[in-house]
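1. how would this look folded up:
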Amino acid sequence: MFNGLLVGACVGAGFAVFETSGYTSQFGLVTLFVRSWQSIGTHTIWSAIVGAAIILAKERRKPVKGKTIVRAKFLRFYAMAILLHAAWDWQPPFPFLNAFDLQKWLIIILGWIVIFVLINAGLREVRTLQGQRIIN
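-> This is a model prediction of the structure:
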């Protein structure tokens, strides 16, 4: 579980760097600063969620296959990552959500709640493996 979180977060962070550099060259340096504080709740955690979901859904010591991806364990977290990204890009018709970037903060908080749920599942996995004496 932790490997999936870590690899997913690395892939998401790498993508965010390239995307931000493209936006910065197009819209200016202020975009770099805005996207920097927003990076705590964007592609890095969305990809970490998907990476952990893949590990959660796959069978032990077997490669990921199509039938693995359609399991509810995977689809639940995959859909959550998609919904978080869609909500991030959505322009709400309510002006109070744009004040102080309230919409962004709510999405960041929700994303981190999902990350903490996955971290808790990873800790349970480690305790189980320790009980089986797989980890010394």
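2. For the residue nearest to the spatial centre of the chain, grab phi and psi.
-> Residue closest to the average C-alpha location in the chain (CA atoms, centre = their mean): Trp46, at 2.1 Å. According to degrees, to the nearest 10, the main-chain angles of Trp46 amount to phi -60, psi -40.
3. Which residue, other than its chain neighbours, is closest to it?
-> Ala81 (4.5 Å; CB to CB, 6 or more residues apart in numbering). No exception for glycine: its C-beta is placed from N, CA and C like everyone else's.
4. surely Phe74 meets Leu56?
-> Yes: Phe74 lies in contact with Leu56 (CB atoms under 8 Å); the separation is 6.7 Å.
5. Low-confidence ranges, the chain, go.
-> 133-136 (pLDDT under 70).
6. coming back round to it: residue contacts, the residue nearest to the centre of the chain?
-> Residues near Trp46 by CB atoms under 8 Å, 6 or more residues apart in numbering: Gly12, Ala81, Leu84, His85, Gly111.
7. quick one: whichever strand or helix holds the first one to chain centroid distance?
-> So that's Gly12. Per DSSP states H and E, Gly12 falls inside helix 2-27. Distance, stretch centre to chain centre, for helix 2-27: 11 Å (CA atoms, centre = their mean, to the nearest Å).
8. Give the buried residues for that helix.
-> Neighbour-count burial for helix 2-27, counted by 16 or more other CB atoms under 10 Å, picks out Gly4, Leu5, Val7, Gly8, Ala9, Val11, Gly12, Ala13, Ala16, Thr20, Thr24.
9. swap in stretch 96-111?
-> Those would be Leu97, Gln103, Lys104, Ile107, Ile108, Leu110, Gly111, for stretch 96-111 by 16+ other CB under 10 Å.
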